[in-house]
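Student: Predicted structure and sequence below. I'll ask about it afterward.
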Amino acid sequence: MKLIVETLYTSLAQEINCNSERRVHIGAIIPYLYFHNLSSGEFKLEILKNDSVVYSHLFDWQDIKGSITEDYFHVYYPIVPSSPVQIEEGSYSIVLTALSGYNVEGNSFLGWIKQHEDIQLKMDYLPSSDNQNTFTVRFKEYKDGI
């Protein structure tokens, strides 16, 4: 299996376009993360529209690791808001930011995996290499009410 991982130093951002003509209710945001020997660090995931925060979630390295005993793994990390996040048609940014206690060292970092082979988020450009692919993130949407 090939993983294309971009290391989180300060922040990583991805533009997302919502093309739905109706309001979308997001029940979970699930970035595909790579955990490499972390033992500290706090993080923030935000959805922004025009630099305004639509949703923000704080978590730390232990939240990602949970009960996993390995020091190196990749995981779809589910972030489930207490209330659905409502977005409308338009462009948004999803931003992963490193906060306190996180220092990138050669053998210790958090990464965000880019889409490869199983492209789920449509790209509005043709990447010239896999390194130009978008970050992998899944959204779970409420379809028939809450």
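Tutor: Yep, that arrived.

Student: The longest strand along the chain: what's the following helix or strand?
Tutor: Criterion DSSP state E: the longest strand present in the chain is strand 24-36. Beyond strand 24-36 on the C-terminal side, the first helix or strand identified by DSSP states H and E is strand 42-49.

Student: What helices and strands are in contact with that following strand?
Tutor: Using 3 or more Cβ pairs under 8 Å, 6 or more residues apart in numbering; DSSP states H and E as the contact test, the elements touching strand 42-49 are strand 24-36, strand 52-60, strand 85-87, strand 90-98. Every residue, glycine included, has its C-beta placed from N, CA and C.

Student: quick check: angle from the last one to strand 52-60?
Tutor: Put plainly, it is strand 90-98. Strand 90-98 and strand 52-60 are oriented at 30 degrees to each other (axes from the mean of the first three to the mean of the last three Cα atoms, to 10 degrees).

Student: got a list of contacts for strand 90-98?
Tutor: 8-18, 29, 31, 41-49, 54, 110, 112, 135, 137 (Cβ atoms under 8 Å, 6 or more residues apart in numbering).
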